[in-house]
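[1] show me the folded form of this:
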Amino acid sequence: MTFLGAVILGVVGQLVAAYGNGSYQTPVALLMMLVIMIVRAGTMNPEEAK
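    Reported below is the predicted structural model:
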């Protein structure tokens, strides 16, 4: 799951840099990290959260 999140983060960052405004790359990356962390926390069972 962590590897998949890193790949998604890298792909989104490169798409923003290539097709969007490059100055938005860092805020978009931070937003995507937050989304990935929220999704990952929601899918953890109680034993993994310890």
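[2] show the average pLDDT along stretch 37-47.
    Model confidence over stretch 37-47, given as mean pLDDT, is 77.
[3] quick one: that stretch to chain centroid distance?
    From the chain centre to the centre of stretch 37-47 is a distance of 14 Å (CA atoms, centre = their mean, to the nearest Å).
[4] what's the answer for stretch 29-37, then?
    Counting by CA atoms, centre = their mean, stretch 29-37 comes out at 4 Å from the chain centroid.
[5] and the contacts of that stretch?
    5, 8-9, 12-13, 16 (CB atoms under 8 Å, 6 or more residues apart in numbering). In short, each C-beta sits where N, CA and C put it, glycine included.
[6] how about low-confidence regions in the protein?
    Applying pLDDT under 70 to the chain picks out residues 1, 48-50.
[7] show me where it has helices.
    Taking DSSP state H, the helices of the chain run over residues 2-19, 25-43.
[8] from residue 3, how far off is the spatially closest residue to residue 20 that is not a sequence neighbour?
    Nearest non-adjacent residue to residue 20, counting by CB to CB, 6 or more residues apart in numbering: residue 28, 7.9 Å away. As judged by CB to CB, to the nearest Å, residue 28 and residue 3 stand 20 Å apart.
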